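**Student:** Could you look at this predicted model? Sequence included:
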Amino acid sequence: MSETSRRPPPLRVGMMGGTFDPVHHGHLRSALEVREALGLATLHMVPAPQPPLRDTPRVSAAQRFALLQAGIGDACGLVADDRELRREGPSYSVDTLAELRQHYGDEVSLVMVIGQDAFLRLANWDRAEQVFGLAHVVVIARPGYPSPWPSALTELVGHREVSSVSELMKRTRGGVLQLELPSRMAISATYIRQRLKEGKSVRYLVPEAVEQAIFSGRLYQTGE
């Protein structure tokens with residue numbers, strides 16, 4: 001057997017950013033299914049303290065990070081990553097990808113996982129063209145979003161789209177894959193916040209540990 005054939009396959013690492021305001025079962029189930037589908041060793045879940053293209057979250061970044069840690073618990077391969085909370089100013093995914101690429105090295109397949117709604121705005125991101133030089137982009141497909149893509153997104157993606165995980169992983173970066181997950185959990189953080197504001201139950205929408213932390217910290221409730 002040759003040295004090349006004995007060499008283990010390249011490590012696969014993912015990043016899933018978001019406000020996680022608050023983290024819920026939809027986020028966590030999607031993260032687990034993405035990790036399984038892509039064969040990721042680790043999926044970094046990275047809360048954004050101040051997302052440039054979204055309203056400022058209602059609770060602090062530190063509180064949202066604590067809820068994320070509670071939600072992940074001991075789930076294998078999922079990591080609550082606070083690197084964006086330690087930066088000044090708005091959070092840019094390209095900077096996080098650059099840090100992860102530097103940490104793991106050039107031989108690792110690095111993947112940025114985003115939802116369909118975020119993907120449709122990708123051309124408006126800061127230094128969007130640099131993303132593909134650092135990582136693949138895997139889009140969690142969601143029913144009901146418009147097709148075809150906006151013209152600016154079509155131009156940005158070019159001929160990068162592939163149709164399978166195996167094709168994507170032939171390279172360490174630069175591809176785009178739309179991925180349909182088995183569980184399409186239509187849970188919205190906005191809906192959860194509204195229920196909390198109205199004093200209604202969020203049981204089974206969020207993990208029990210997250211629910212307990214929300215109520216013990218009086219987060220998202222009227223007047224908070």
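**Tutor:** Alright, I've got the coordinates.
**Student:** Not including adjacent chain positions, what is the nearest residue to residue 164?
**Tutor:** In space, and not counting its chain neighbours, residue 164 is closest to residue 177: 7.6 Å by C-beta to C-beta, 6 or more residues apart in numbering. The C-beta positions use only the backbone N, C-alpha and C, and glycine is treated the same way.
**Student:** can you give me the strands in the protein?
**Tutor:** Using DSSP state E, the strands of the chain run over residues 12-18, 42-47, 78-80, 109-115, 136-140, 161-162, 176-179.
**Student:** With mean pLDDT and mean neighbour count as extra columns, can I get the ones you listed in JSON lines?
**Tutor:** Compiled in JSON lines, the strands of the chain are given as follows (pLDDT from 0 to 100; neighbours: other C-beta atoms under 10 Å):
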{"stretch": "strand 12-18", "mean pLDDT": "96", "mean neighbour count": "23"}
{"stretch": "strand 42-47", "mean pLDDT": "97", "mean neighbour count": "23"}
{"stretch": "strand 78-80", "mean pLDDT": "98", "mean neighbour count": "19"}
{"stretch": "strand 109-115", "mean pLDDT": "97", "mean neighbour count": "23"}
{"stretch": "strand 136-140", "mean pLDDT": "97", "mean neighbour count": "24"}
{"stretch": "strand 161-162", "mean pLDDT": "97", "mean neighbour count": "17"}
{"stretch": "strand 176-179", "mean pLDDT": "96", "mean neighbour count": "18"}
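**Student:** Reformat those strands as TSV; add distance to residue 29.
**Tutor:** Output for those, formatted as TSV (distance: least, C-beta to C-beta, whole Å):
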stretch	distance to residue 29
strand 12-18	12
strand 42-47	12
strand 78-80	11
strand 109-115	13
strand 136-140	11
strand 161-162	24
strand 176-179	14
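**Student:** low pLDDT regions in this protein?
**Tutor:** Within the chain, the stretches with pLDDT under 70 are 1-9, 51-56, 143-147, 222-224.
**Student:** one more time with 80
**Tutor:** The chain contains residues with pLDDT under 80 at 1-10, 50-58, 89-91, 142-147, 184, 222-224.
**Student:** for it, longest helix please?
**Tutor:** Ranked by number of residues, the top helix in the chain under DSSP state H is helix 25-38.
**Student:** what's the offset of that one from the middle of its chain?
**Tutor:** Mean-position distance between helix 25-38 and its chain equals 10 Å (C-alpha atoms, centre = their mean, to the nearest Å).
**Student:** Can you name every helix or strand that it contacts?
**Tutor:** When contacts are defined as 3 or more C-beta pairs under 8 Å, 6 or more residues apart in numbering; DSSP states H and E, helix 25-38 packs onto strand 12-18, strand 42-47, helix 61-72, strand 78-80, strand 109-115, strand 136-140, helix 165-168, strand 176-179.
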